[in-house]
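> Predicted coordinates and the sequence they were generated for:
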Amino acid sequence: MNIEAPMSEDLLRCQQIFFARALRITEEVKKQDARFVHYTSAEAAVSIIRNSELWMRKTTVMNDFMEVEHGRECLAAAYHSNIIGARFKMALEAISPGICKEVEKTFDAWSQTFVDNTYIACFSIHDKSEDSYGRLSMWRAYAGGTGVAFVIKNTPFVSISDALKVYSSPVSYLDESGFLHEMESVTNSIVKESEFLKSLPSEILIANIFTMFRFAVLCTKHPGFGEEKEWRAVYNPQLEFSDRIKKDIAVIQGVPQTIMKIPMVSYPDEGMLGAELPELLDHIIIGPTQYPDVIREAFVDMLAAAGITDANKKVVMSDIPLRC
């Protein structure tokens with residue numbers, strides 16, 4: 001996850017050019033001190049608490065079978081468009097002739113790994129109005145009769161660190177038209193900041209464009225999913241490997257699959273603070289179920305064992321009348 005670390009002036013300026021939308025959303029989260037929520041099964045929730053780790057799954061087994069394909073289609077349509085895409089490429093070529101071919105070569109070499117070797121953990125912005133009940137659409141998608149929601153503080157999502165090689169980003173809910181608009185906005189920033197971009201080594205410029213394309217593919221969803229208000233934690237061990245992330249096999253909804261486990265551990269020397277469960281957790285919501293009291297009791301006991309004070313006050317039961 002992104003945890004606080006120093007950011008150079010040049011890096012910040014690059015982010016303002018190539019990642020303006022994500023920065024704008026992040027600043028809004030900071031301003032509002034918004035919390036995040038992770039909906040999961042009770043079984044997975046038990047593992048999170050007992051082992052102090054969060055599971056990441058491949059994009060190919062996510063709920064939406066178009067998780068990555070939609071982003072790839074939007075990017076391809078925008079990049080190859082006759083007006084906005086052509087202007088985007090022209091702006092880059094004016095800064096560094098030949099850079100578009102280099103970017104395309106790099107991106108094409110890694111494109112398939114976005115599908116085959118990217119692991120994601122999903123979160124949503126949590127509204128205060130949902131503190132007691134959670135979100136009905138998310139219970140329908142994730143409850144399965146025994147759903148649990150972890151409401152957590154925003155620190156790991158709004159700062160920057162390479163401690164785990166896991167990076168968080170808000171999801172953009174865009175169709176091809178909306179994606180074109182975003183590419184046009186980035187192009188305008190490139191043109192405006194062309195003299196600064198010319199001062200950078202070409203490999204830095206290529207890396208920024210590649211990363212922008214990568215997250216455009218991995219964090220763009222159809223506008224119909226907009227109510228999810230999703231953020232994603234993204235890890236690709238082929239691209240950036242971390243020996244702190246543990247690989248394992250788990251059976252999820254009857255499907256054996258490779259997962260990655262993020263340790264809920266702080267690394268103060270690397271600026272990674274607030275990642276441990278007692279500091280991170282705001283509260284837990286037990287989803288609609290036939291056994292709310294039994295499940296609540298179990299989670300109160302587990303939180304107490306994990307060193308969380310006032311555990312009894314940190315577990316609430318949703319009484320949404322959802323038939324599980």
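Cool, the structure landed.

> Going by C-alpha atoms from here, please, whenever you check contacts or count neighbours.
OK.

> How about the residue minimising distance to the centre of the chain, nearest residue that isn't a chain neighbour?
Geometric centre of the chain, nearest residue: Arg232, 1.3 Å, by CA atoms, centre = their mean. Residue nearest to Arg232 in three dimensions, not counting chain neighbours: Cys122, with 4.8 Å by CA to CA, 6 or more residues apart in numbering.

> so Ile262 sits in a strand?
Yes. Remark: Ile262 belongs to a strand, assigned using DSSP: H, G, I helix; E, B strand; the rest coil.

> So it is in contact with Met56, correct?
Yes. Judged on CA atoms under 8 Å, Ile262 makes contact with Met56 at a distance of 7.4 Å.

> on that earlier part again, how would you label the residue nearest to Arg232: helix, strand or coil?
strand.

> May I have the residues that are in contact with it?
By CA atoms under 8 Å, 6 or more residues apart in numbering, Cys122 lies in contact with His38, Glu230, Trp231, Arg232, Ala233.

> Show me what the strand or helix carrying Val115 is packed up against.
According to DSSP states H and E, Val115 maps onto helix 99-116. Packing contacts for helix 99-116, counted by 3 or more CA pairs under 8 Å, 6 or more residues apart in numbering; DSSP states H and E, involve helix 84-95, helix 202-218.

> tell me the angle it makes with helix 84-95.
Interaxial angle, helix 99-116 versus helix 84-95 (axes from the mean of the first three to the mean of the last three CA atoms, to 10 degrees): 120 degrees.

> taking the mean pLDDT, what do you get for helix 99-116?
For helix 99-116, mean pLDDT is 93.

> ok, residues contacting it?
Against helix 99-116 from outside (CA under 8 Å, 6+ apart): 58-60, 68, 89, 92-93, 202, 206, 209-210, 213-214, 218, 236, 238.

> Please tell me how far the residue nearest to Arg232 sits from Thr59.
11 Å (CA to CA, to the nearest Å).

> Please apply the same query to Cys74.
Applying CA to CA to Cys74 and Thr59 gives a distance of 17 Å.

> same question, Glu297
The value you get for Glu297 to Thr59, if CA to CA is used, is 34 Å.

> Between these two, tell me which one has more neighbours.
Thr59 (22 against 12; other CA atoms under 10 Å).

> in stretch 264-274, what's buried?
Using 16 or more other CA atoms under 10 Å as the test for burial, stretch 264-274 gives Met264, Ser266, Gly271, Met272, Leu273, Gly274.

> Quick check: the third one vs Asp162, distance?
Spelled out, that is Gly271. 9 Å.

> Also the first one?
In this structure, Met264 and Asp162 are 15 Å apart, going by CA to CA.

> quick one: buried residues of the strand or helix carrying Arg72?
Using DSSP H and E, Arg72 sits within helix 69-79. Within helix 69-79, the residues that qualify as buried are Glu69, His70, Gly71, Arg72, Cys74, Leu75, Ala77, Ala78, Tyr79, counting by 16+ other CA under 10 Å.

> Which strands and helices lie in contact with that helix?
Here helix 69-79 touches helix 84-95, helix 176-192, helix 202-218, strand 220-221, going by 3+ CA pairs under 8 Å, 6+ apart.

> cutoff 10 Å now
Packing partners of helix 69-79 (3 or more CA pairs under 10 Å, 6 or more residues apart in numbering; DSSP states H and E): helix 84-95, helix 99-116, helix 176-192, helix 202-218, strand 220-221.
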